[in-house]
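Engineer: I'd like to go over a predicted model; first the sequence, then the structure.
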Amino acid sequence: MRTMTTVRVVVGGALCHEGRLLAARRISPAEVAGRWELPGGKLEPGESAPQALVRELREELGVETEALERVPGEWPIKPGYVLQVWTARLLAGEPRPLQDHDALRWLAPGRTGEVDWLDQDRPAVAAVARMLEAEAGDDSPTPIPGMC
Ligand SMILES: Nc1nc2c([nH]c(=O)n2[C@H]2C[C@H](O)[C@@H](COP(=O)(O)OP(=O)(O)OP(=O)(O)O)O2)c(=O)[nH]1
């Protein structure tokens, strides 16, 4: 007999603005409280990852955003859940910790290691940090694809 397993996707947003990356400190559940993450949440049935991300960032931070590009890879969170990460751009508003978080920080390139990221977020954060650093050191007027 074959068992069907469904894995739920959690989408994390690498929200960048003026060359900095947003980190959010979780307040719950207990096992992740106090650790920093990319804000986002679980996909609802029928939603794409970019749709879920835009909805979650509106609910959690009170901002309008646009999902840009998927960061290659997928990271296990706990049994039945995987993390996918998309870069995103701020369209309107100033992020505020409305739900799930008690602190937010905009991290400049080269300073993305200053917060205690959840372990499963670290590879994606490292990839985004490399993109931010490349963009900061690039004088050409054309942005790197996928970055804001
Ligand atoms: N949002 C988010 N969650 C993450 C990240 N990394 C990570 O391990 N997680 C975990 C924490 C939670 O166990 C789970 C996501 O839950 P969530 O509470 O953000 O999802 P949600 O907003 O859809 O909430 P709900 O359905 O439980 O109400 O994934 C991350 O970068 N962003």
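Structural biologist: Perfect, I can see it now. Numbering: from 1, shown residues only.
Engineer: who touches the helix or strand bottoming out on mean pLDDT in the chain?
Structural biologist: Ranking every helix and strand in the chain by mean pLDDT, DSSP states H and E puts helix 122-136 at the bottom, with a mean of 95. For helix 122-136, the surrounding residues in contact (CB atoms under 8 Å, 6 or more residues apart in numbering) are 12, 14, 16, 19-21, 38, 71-73, 75, 83, 85, 87, 109-110, 112-113, 117, 143-144, 146-147. All C-beta spots, glycine's among them, are computed from the backbone N, C-alpha and C.
Engineer: the ligand next: which of these are close?
Structural biologist: Filtering those for neighbours of the ligand using CB under 6 Å from any ligand atom leaves 12, 38, 83.
Engineer: which parts of the top strand by length along the chain are buried?
Structural biologist: The longest strand of the chain (DSSP state E) is strand 64-78. If you call a residue buried by 16 or more other CB atoms under 10 Å, then strand 64-78 has these buried ones: 65, 67, 68, 70, 71, 75, 77.
Engineer: among those residues, pick out the one closest to residue 42, please.
Structural biologist: The nearest member of the buried residues of strand 64-78 to residue 42, counting by CB to CB, is residue 77 at 10.1 Å.
Engineer: out of the contacts of helix 122-136, which are inside strands?
Structural biologist: Per DSSP E, the contacts of helix 122-136 map to strands at 12, 14, 16, 20, 21, 71, 72, 73, 75, 83, 85, 87.
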